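Q: make a model of this:
(chains A and B)
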Amino acid sequence: MQSLRVPRPETTLTPPAPRERSRDLLLFLAFIAPNVITLSVFSYWPMIRNLWLSFTYWDMIAPEPLWVGLDNWIEVLTSATFWTVLRNTLVFTVGSVGITILIAMALSLLLNQKRRGRNLVRAAMFAPAILPGSAIALVWTFLLAPYYGLISQAATGLGMPMTRWQNDPVWAMPTVILVVIWKSTGYDAVIFLAGLQGIPRELYEAARVDGANAWQRFVNVTVPGLSPVAFFLTVTSILASFQAFDIIRVMTGGGPVIATTTLIYQVYSEAFVGFNAGRAATYATILFGLMLAITVVQIRMVEKRVTYE
Amino acid sequence: MNSATLAPPPPTITGQRDTPRTTAMVQSSRLAGTVAAYLGLGLALVMVGIPTYWVVIGALKTNREIYTVPSTWWPPNPAWSNFPAAWAAAPFPRMYLNSISVTLISTTLKLVNATFCAYAFAYLRVPGRNMIFLFILGALMIPEEVTVLPNYLTVASLGYVNSVTGLILPTIGSAFGTFFLRQHFLSLPREILEAARVDGAGHLQTLWHVVLPLSRPVLATLILLTAVARWNDFLWPLVVTSKDTMRTLPVGIYFLFTQEGTTEWGVVLAGTIIVIAPIIALFIVVQRHLVEGIAAGAVKG
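A: Predicted coordinates for the structure are as follows:
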């Protein structure tokens, strides 16, 4: 697990002489400067600028943003749109992360058995994770096309009424979630697999000696053994799902109406479709606050340790 | 413990092998397990295989075949012309060049940033070092997506919209890579570094001749992770480019789709294959290393 608390060994090998020390300082500054400068300009400064812009109105054409105080915040927080978008974000996150992790765990248990063809399955399932989301969204748009799409044909064959999937107000969100699950399950399964292989064999032997059956061994050895990996995956997938953009952009454009508009999508459409920098910055700041809260919870929990070891 | 507790051990699975009935039960449940496992593996393969197959044959179908229901599982007259049509419908050579140069330059600069920075934090003792390291780590919590609007404003004010520089600039700072490499550098055996020092190697020499050669697997994982992320980037290239000739592939095929729409699926699918086929080919080559590197990084990390 990524713990931010790191060992801090004495790294200077021999105590440096004063002259060497000032040379080390110069070298240190030269080594870190490019990274520190880029992170300042393209990570920290944007957060400050977002916060400042959130108190302004600006169409990005006028020479200067206009200070409007808390107007954006009041407008956003009291709008029905914000709460719909927030709910969409939560549904999207819980749905995609939760189901992906469950399927991935089951798949990893399968891949952990010495069966023929498992390496092929592992590679095939992993592949969507490294493909561009936009390409995958196009593939699924084709598969889901009404009437002539493969899935629509299968659904009508099974007697389901014709559905417009990602263009249907009710089906849009589940459809997008399913595509995200399809893209990310193999990746999660591979990480679970590494977790499974890290569980000491002796624990299984000991459980067997104690008379535990397969189910009991799963519950008492496998599940606790996997919990750090599951936790890691949950947190990183939640953060990733908050940033999921390409699949939504290509498949639904946030619609129909705003049925699949998540917070990141709203930031994009306020800024680059509506040209309302102030409101986009407000949404961006809210999104950042949520992600920061999740990261802080993660660090706290990692410090407490998820399970033994 | 008195000797009374040393009763015969409880029956274990090995102990049960003696009775024929339980052997049969164990065997049949093992058979059921095997069947279930192969069903599961087969289902997983089908979930990936069928969409892939469907797209490949879709790219070889004429419009008429695509819109005919029920669909055929094999195009009677493969429409190879979809590929040249797709190649002509979007500036693919240019988009390939853009994607390759953005991925190469951005990954290289990011890695150089991470390596020097990680070396400095691991081996150069300077007052206040840990405070600056926290500053780097803090940037981990600021996702690129949240910064898209201010970064667009910055890049636009520098005049880099629709340029490779603009595509690259906000992506070259490294928080995760610095953290990841520093952890690795700290785990290297100190005796070797000490020996290099005694031999009179300066920091640059130590970095180049000692630390980097010892870090090859970690660097390879980091390069692959960074390169995949850059290649697939969508939001930033979408925002910072408006000309067809400056688009990267993931954004380019999206515009191919908006332009051809659902009326020219064969061409759109051929374009999609033009974009993903090289990635798949590369994936088959580095598959083992990539999968294992990512898994190890996540579990140990």
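Q: which SS state does residue 87 fall under?
A: Reading this off chain A. Of the three states, A:R87 takes helix according to DSSP: H, G, I helix; E, B strand; the rest coil.
Q: hmm, I had chain B in mind actually
A: Bear in mind the rule, three-state DSSP; under it B:W87 is helix.
Q: so residue 184 is in which element?
A: Let's take chain A. helix A:172-197 (DSSP states H and E).
Q: that answer is for a different chain, and I need it for chain B
A: Counting by DSSP H and E, the element that carries B:H184 is helix B:176-186.
Q: next, the buried residues of the helix or strand just after that helix.
A: Once helix B:176-186 ends, the next helix or strand along the chain (criterion: DSSP H and E) is helix B:190-198. Across helix B:190-198, burial judged by 16 or more other Cβ atoms under 10 Å in any protein chain shown covers B:L193, B:A196, B:R197. Placement of C-beta: from N, CA and C, glycine included.
Q: among these, which one lies nearest to B:R288?
A: For the buried residues of helix B:190-198, the residue nearest B:R288 by Cβ to Cβ is B:L193; the value is 30.8 Å.
Q: the closest one is in contact with B:V210, isn't it?
A: Yes - with contacts counted by Cβ atoms under 8 Å, B:L193 reaches B:V210, the gap being 6.3 Å.
Q: show me the contacts for the most centrally placed residue in chain B.
A: In chain B, the residue lying closest to the centroid (Cα atoms, centre = their mean) is B:V228, at 4.1 Å. B:V228 sits next to A:I130 when contact means Cβ atoms under 8 Å, 6 or more residues apart in numbering or on different chains.
Q: what about it, which SS state?
A: helix.
Q: ok so, going back, kindly export the helix holding B:H184 (C-alpha atoms) in CSV.
A: C-alpha atoms of helix B:176-186 as CSV (Å, rounded to 0.1, in the frame of the first residue of the first chain):
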residue,chain,number,x,y,z
PHE,B,176,3.8,10.3,-8.6
GLY,B,177,7.0,9.4,-10.5
THR,B,178,9.1,11.4,-8.1
PHE,B,179,7.6,9.7,-5.1
PHE,B,180,7.8,6.2,-6.8
LEU,B,181,11.5,6.6,-7.9
ARG,B,182,12.6,8.1,-4.6
GLN,B,183,11.2,5.1,-2.7
HIS,B,184,13.1,2.9,-5.0
PHE,B,185,16.3,4.9,-4.8
LEU,B,186,16.2,4.7,-1.0
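Q: show me what it is packed up against.
A: Under the contact criterion of 3 or more Cβ pairs under 8 Å, 6 or more residues apart in numbering or on different chains; DSSP states H and E, helix B:176-186 touches helix B:92-123, helix B:129-138, helix B:216-232.
Q: now the nearest residue to A:S269 once chain neighbours are set aside: phi and psi?
A: Counting by Cβ to Cβ, 6 or more residues apart in numbering or on different chains, A:G254 is the residue found nearest to A:S269 once chain neighbours are left out, at 6.1 Å. A:G254 has phi and psi values of phi 80, psi -10 when expressed as degrees, to the nearest 10.
Q: okay, angle between the helix holding B:H184 and helix B:216-232 too, please.
A: 180 degrees (axes from the mean of the first three to the mean of the last three Cα atoms, to 10 degrees).
Q: average pLDDT for helix B:176-186?
A: Per-residue pLDDT values over helix B:176-186 give a mean of 90.
Q: isn't A:L66 right up against A:L53?
A: No - taking contacts as Cβ under 8 Å, A:L66 lies outside contact range of A:L53: 10.9 Å.
Q: and the two? which has more neighbours close in?
A: In this view A:L66 and A:L53 are compared by other Cβ atoms under 10 Å in any protein chain shown, and A:L53 has more residues nearby, 25 against 12.
Q: can you give me the neighbour number for the spatially closest residue to B:R182 that is not a sequence neighbour?
A: For B:R182, the nearest residue in space outside its immediate sequence neighbours is B:A118; the separation is 4.0 Å by Cβ to Cβ, 6+ apart. Counted with other Cβ under 10 Å, the neighbours of B:A118 add up to 29.
Q: ok, B:A118 - contacts?
A: Contacts for B:A118 were tallied using Cβ under 8 Å, 6+ apart; they are B:G177, B:T178, B:F179, B:F180, B:L181, B:R182, B:H184, B:F185.
Q: and the gap between it and B:I105?
A: B:A118 sits 20 Å away from B:I105, going by Cβ to Cβ, to the nearest Å.
Q: how about B:R125?
A: When B:R125 is compared with B:I105 (using Cβ to Cβ), they lie 33 Å apart.
Q: ok so, going back, can you add pLDDT and give the buried residues of helix B:190-198 back as JSON lines?
A: Conversion of those to JSON lines gives the following (pLDDT from 0 to 100):
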{"residue": "B:L193", "pLDDT": "82"}
{"residue": "B:A196", "pLDDT": "84"}
{"residue": "B:R197", "pLDDT": "82"}
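Q: which of the residues you listed lies at the shortest distance from chain A?
A: Distance ranking of the buried residues of helix B:190-198 against chain A, using Cβ to the nearest Cβ, places B:R197 first at 5.5 Å.
Q: please verify my assumption that that closest one contacts B:T206.
A: Yes - applying Cβ under 8 Å as the test, B:R197 and B:T206 come out as touching, 7.1 Å apart.
Q: dump the residue contacts of the closest residue in space to B:K243 that isn't next to it in sequence.
A: By the measure of Cβ to Cβ, 6+ apart, the closest residue to B:K243 outside its immediate chain neighbours is B:N162, 5.1 Å from it. Counting by Cβ under 8 Å, 6+ apart, B:N162 makes contact with B:V240, B:T241, B:S242, B:K243, B:M246.
Q: OK, contacts around the third one?
A: Under the criterion of Cβ under 8 Å, 6+ apart, the contact partners of B:S242 comprise B:V161, B:N162.
Q: how close does it get to chain A?
A: In this structure, B:S242 lies at 10 Å from chain A, with Cβ to the nearest Cβ, to the nearest Å as the measure.
Q: in stretch A:162-171, what counts as buried?
A: By neighbour count, with 16+ other Cβ under 10 Å as the criterion, the buried positions of stretch A:162-171 are A:T163, A:W165, A:Q166, A:N167, A:D168, A:W171.
Q: now the element after the least confident helix or strand in chain B by mean pLDDT, going C-ward?
A: For chain B, counting by mean pLDDT, DSSP states H and E, helix B:13-16 ranks last in confidence among helices and strands (a mean of 45). Heading C-terminal from helix B:13-16, the first helix or strand you meet, by DSSP H and E, is helix B:20-58.
Q: quick check: buried residues in that following helix?
A: Quick answer for helix B:20-58 (16+ other Cβ under 10 Å): B:A37, B:G40, B:L41, B:A44, B:M47, B:V48, B:P51, B:T52, B:W54, B:V55, B:I57, B:G58.
Q: which single one of those residues is nearest to A:I177?
A: Looking at the buried residues of helix B:20-58 and their distance to A:I177, the nearest is B:M47, at 15.3 Å (Cβ to Cβ).
Q: wait, the closest one touches A:W182, no?
A: Yes - with the criterion set as Cβ under 8 Å, B:M47 and A:W182 qualify as a contacting pair; they are 7.1 Å apart.
Q: mind listing what residue 151 touches?
A: All of this is about chain A. Listed by Cβ under 8 Å, 6+ apart, the contact partners of A:I151 are A:L143, A:L144, A:W165.
Q: that's the wrong chain, I wanted chain B
A: By Cβ under 8 Å, 6+ apart, the contact list for B:N151 reads A:F42, A:P46, B:E144, B:P170, B:W236.
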